[in-house]
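Chemist: Pasting the sequence and the predicted coordinates here, then a few questions.
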Amino acid sequence: MKFLTKITAGFLLSFGFICLMMSACALSQLADKDQTTIEQQEATDTFFAGIAFGLPLAAGGGYMLWGLRRRHQKLLRDRLDSTFYQMLKADNGRITVLQLAMETQLSGEQAKQYLDQKAKEFNATFEPSDKGNISYLFHL
């Protein structure tokens, strides 16, 4: 389903941009003063038809791609939350930045930002270890 949505969005964007490019070409023909009235009318019709078809097609394709991106980000966020909760449960609410980064394949900075956000959300405390690591303590 996701593959079909990507293909459809690609076609919509492509055809939308083609129509908009036709409209832009017709706009340049409208500026030409050496044309007959019929040629001017054809250029005007092409311009408005390109806009009328191009904008909705491009907007629809963009909206579909935006929806796919939102769904993908939600999936990643849900998977990260699930891993985070499993790790908390396994270690009685104690977690370090390194543990989270190793388990989720996040960078150290991303893991730290995530843990800082969750620490604020759940009122976690911090405990420094003898080795200089900081453990986040979430009260279960």
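Modeler: Done, it's in.
Chemist: gap between stretch 87-103 and the chain center?
Modeler: 28 Å (Cα atoms, centre = their mean, to the nearest Å).
Chemist: Mind pulling the model confidence for the residue most central in space within the chain?
Modeler: Centrality entry for the chain: nearest residue to the mean C-alpha point is R69, 3.8 Å, by Cα atoms, centre = their mean. R69 carries a pLDDT value of 95.
Chemist: And it, which helix or strand is it part of?
Modeler: Assigned by DSSP states H and E, R69 falls within helix 37-90.
Chemist: Run me through the strand neighbours of the helix or strand following that helix, direction for each.
Modeler: Counting by DSSP H and E, the next helix or strand C-terminal to helix 37-90 is strand 94-96. Strand partners for strand 94-96, identified by DSSP bridges, are recorded as strand 134-137 (antiparallel).
Chemist: which other residues reach the strand it pairs with?
Modeler: By Cβ atoms under 8 Å, 6 or more residues apart in numbering, the surrounding residues in contact with strand 134-137 are 93-97, 115, 118-119, 124-129. Bear in mind the C-beta positions are built from the backbone N, C-alpha and C, glycine included.
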